[in-house]
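# Here's a sequence, model it:
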Amino acid sequence: MRASVVVPARNRLSLLARTLETLVDQDLSPADYEIIVCDDGSTQDIAAVLARFAAAPVVIRLNRQPPHGPAAARNLGIRLSAAPIVIFVDSDVEADKALVRCLLSAFAAHEEWAGAEAALYPLGEPAGVLWDAPASLGGGRYHTAGIAYRRAVLLAVGGFDEEFTLPACEDVELAVRVLARGPIGFVPDAKVWHPRRRVTAGTHWRWRHHWRYQTILAVRYGILAFPDRPCGPFPRLRVAWAAVASLPGGRLWSALKASPDAPCEACLGSLLALFDIVCGLWMLPSILFAAVPVRRDNMVHRRSGQA
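Okay, here's the model as predicted:
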């Protein structure tokens, strides 16, 4: 076996089913990889979804834990993986048929690589200020929607930081530590697609919690969101400025540029950009004063409730 594909999941059964459909249909031998689904405290019947793939030639294993977040679910997958390469695929993406093969070929061609990043494309609804999807068309974003690491490196750096309990910034935090041990290459022929989703005021209100994680990245590593964006000598102030000014301002500018073609959408987008300022102000005490937790090695830490 050459690769273990780890898929963290919580509910969203139809999306998970589509992800698994694309993963069992890879263009390499089923003996070359396994799929490990890590159920992070679902209230829906994920086992029923996996039962649809009982006849698939690829081994699919289901493991469960209480709801601790996607970082902890991926760590469970790392610990249970049996292959030297661990590929992370989120439970709401569609994988290209060549994804696993291209990532494995990249590692074989670049022995110095610690990781290999797939290209990530938005899927579905047309681009607009009221639609959102992550993307990585040239690398350097390290989204766990589609990325692979050498298992030995993951164990050496201690896995994902489980203080990141939401799906935000935990992928970049891991990548920063991996990059200290070796490069993470970009593999454009390895592709995944992530659906665009409608953005509402509720979305922005939930996103406000991401500033806490951005603060951890800034204080620990001196970066703002990604490793190629240094935040300067005053990291908390830089994050605060981004939360209440630069990010809302950028979103407002994008909405205004869209107004000639989509005036109603642009108006709503402008209101959401202004609401971002409220969200940023709400998080200022946390950004400026909350303690940054000490990272621990989660590869030696065991959680209860695994099955």
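
# okay, now the domains of this structure?
Described in terms of automatic domain parsing, the domain architecture of the chain consists of the residue ranges 3-198, 201-289.

# and the ones you listed, which is most packed in?
Of all the domains of the chain, domain 3-198 has the most neighbours on average by mean count of other CB atoms under 10 Å, namely a mean of 19. C-beta: built from backbone N, CA, C; applies to glycine.

# How about the secondary structure of residue 6?
strand (DSSP: H, G, I helix; E, B strand; the rest coil).

# between the domains of the chain, which gets nearest to residue 296?
Shortest distance between residue 296 and those, using CB to CB, is found for domain 3-198: 7.1 Å.

# before we move on, back to that, and the domains of the chain as a markdown table, adding mean pLDDT and distance to residue 296?
Written out in a markdown table, the entries for the domains of the chain read as follows (pLDDT from 0 to 100; distance: least, CB to CB, whole Å):
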| stretch | mean pLDDT | distance to residue 296 |
| --- | --- | --- |
| domain 3-198 | 96 | 7 |
| domain 201-289 | 97 | 13 |
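
# wait, which of those is closest to residue 300?
Each of these was scored for nearness to residue 300 using CB to CB, and the closest is domain 3-198 (7.8 Å).

# Start and end of that closest one, how far apart?
Looking at domain 3-198, the gap from its leading to its trailing residue is 34 Å under the measure CA to CA, to the nearest Å.

# Distance from it to the middle of the chain?
A distance of 8 Å separates the C-alpha centroid of domain 3-198 from that of its chain, computed with CA atoms, centre = their mean, to the nearest Å.

# cool, and stretch 257-274?
For stretch 257-274, the distance between its averaged C-alpha position and the chain's averaged C-alpha position is 28 Å (CA atoms, centre = their mean).

# What is the longest helix along the chain packed up against?
Ranked by number of residues, the top helix in the chain under DSSP state H is helix 263-289. Judged by 3 or more CB pairs under 8 Å, 6 or more residues apart in numbering; DSSP states H and E, helix 263-289 is in contact with helix 201-207, helix 210-221, helix 235-241, helix 247-258.

# Export stretch 42-50 to CSV, keeping only CA atoms.
Coordinates of each C-alpha in stretch 42-50 appear next as CSV, following Å, rounded to 0.1, in the frame of the first residue of the first chain:
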residue,chain,number,x,y,z
SER,A,42,-21.8,12.9,13.4
THR,A,43,-25.5,12.8,14.4
GLN,A,44,-26.3,11.3,11.0
ASP,A,45,-25.7,7.8,9.9
ILE,A,46,-22.3,7.9,8.1
ALA,A,47,-22.1,4.1,8.3
ALA,A,48,-25.1,4.0,5.9
VAL,A,49,-23.1,6.0,3.4
LEU,A,50,-20.1,3.8,3.6
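
# what's residue 94 sitting at in phi/psi?
Here the main-chain torsion angles of residue 94 (degrees, to the nearest 10) amount to phi -110, psi 130.
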